[in-house]
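Enquirer: Structure for the following, please:
(2 chains)
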Amino acid sequence: MLTVGDKFPAFALTAVNGTDPKSAFAPVSNESYAGKWLVLFAWPKDFTFVCPTEIVGFDEIAGEFRDRDAQLLGLSIDSEFVHLAWRQSRVDLGKVSFPWLADIRRELSDALGILDRQEGVALRATFIVDPQGVIRFVSANDLSVGRNPQEVLRVLDALQTDELCPCNWQKGEETLKAA
Amino acid sequence: MTIDAIKEALPDYAKDLRLNLSSLLSDGVLTEQQRWGTLLATALAARNLALIAAISAEAAQHLAPPAIAAAKAAASIMAMNNIYYRFTHLASDPDYATMPARLRMNVIANPGVDKADFELWSLAVSAINGCGRCIDAHDQVLRKAGVSREAIQQAVRIASVIHAVAATLDGEASLAA
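Expert: Got it, this is the predicted structure:
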């Protein structure tokens, strides 16, 4: 599995956002959100049990991610039509405001190293990627254990919080160089 | 209120401030953006409502919107950092300075204007908020960026007079109430 410090793989997938087949599909690549952080979380299969609570949990705090210039992206190896059908099947999923990637060829999941060896579907893995495309946080749960979106937000916040003010200077040290 | 009205509102015992304020509105050492950003940031730091309104109205004629936002950001973020880092500098226990602050201050990395100008405004606000080591740190950064002592001093002269005008107007307002 890729880890902190690795470059997030290049990808170009169909993503689903919304419930109208005429407008829900759009291509998404790693260039689509230039300048932003990415918070990508993968799940094993659409239409299963643990996933909806997590997805809805992330959506409930989507505004907090947006405020922090972070784009949420969902991912499973299901096709875009399965994603669409799942969104259409439940009101809470239909409202979810961020795109779900359809990694149907398993290319991105494979490049990330998150395919479960037995089941061939994505583990519940979460990646935080900085605007330079570098992975800064990785976590992976076994297939049946859900995630805590607040914890992911906490980590994103911590990653973004740097002591940038020269006021932090201690006597005798070199001054900080602004990045 | 306009800046002229502010000058009119200053009582005769504060005639020195009236004249100082006039001369600080133009100088030969700061750029227009530096001068008006300093006036705006220090007016915000000095906290008198009428002065903030007057300076802000006139600054809008001299500063592009990104510079206005940046000057406000400098006053705003330094209001936090001056307290936090003044504490770490003053506390007898040095360990506080090593604990991660966990305070977001990303606007410092991307102020939306030339970083040296943002630093100048931050220094001027630090002078008003009274954080000594903040002043030293910002001074070092500014000298390294090629800003002259004269320019830095001019920014502090602005801060001093703006603070005094604010204090005087506050006093007069309480006496009138």
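Enquirer: Neighbours of the closest residue to residue B:47 other than its chain neighbours, how many?
Expert: Spatial nearest neighbour of residue B:47, excluding adjacent residues (Cβ to Cβ, 6 or more residues apart in numbering or on different chains): residue B:166 at 6.4 Å. Every residue, glycine included, has its C-beta placed from N, CA and C. By other Cβ atoms under 10 Å in any protein chain shown, 22 other residues sit near residue B:166.
Enquirer: Assign residue A:2 to helix, strand or coil.
Expert: Secondary structure assignment for residue A:2 (DSSP: H, G, I helix; E, B strand; the rest coil): coil.
Enquirer: any idea how far residue A:133 is from it?
Expert: As for residue A:2, its distance to residue A:133 is 12 Å (criterion: Cβ to Cβ, to the nearest Å).
Enquirer: Give the residues shared as contacts by these two.
Expert: Counting by Cβ atoms under 8 Å, 6 or more residues apart in numbering or on different chains, the contacts common to residue A:2 and residue A:133 are residue A:8.
Enquirer: Tell me if I'm right that the residue nearest to residue B:47 and residue B:53 touch.
Expert: No. Contact criterion Cβ atoms under 8 Å: residue B:166 and residue B:53 do not qualify, at 11.9 Å.
Enquirer: host element of residue 156?
Expert: Picking chain A for this. Element membership for residue A:156, per DSSP states H and E: helix A:149-160.
Enquirer: that answer is for a different chain, and I need it for chain B
Expert: Assigned by DSSP H and E, residue B:156 belongs to helix B:149-176.
Enquirer: list the helices and strands that helix packs on?
Expert: In terms of contacts (3 or more Cβ pairs under 8 Å, 6 or more residues apart in numbering or on different chains; DSSP states H and E), helix B:149-176 is packed against helix B:3-9, helix B:15-24, helix B:32-46, helix B:49-59, helix B:115-129, helix B:132-144.
Enquirer: list the buried ones in that helix?
Expert: B:151-152, B:154-166, B:168-170 (16 or more other Cβ atoms under 10 Å in any protein chain shown).
Enquirer: residue nearest the centroid of chain B?
Expert: Residue closest to the average C-alpha location in chain B (Cα atoms, centre = their mean): residue B:42, at 2.6 Å.
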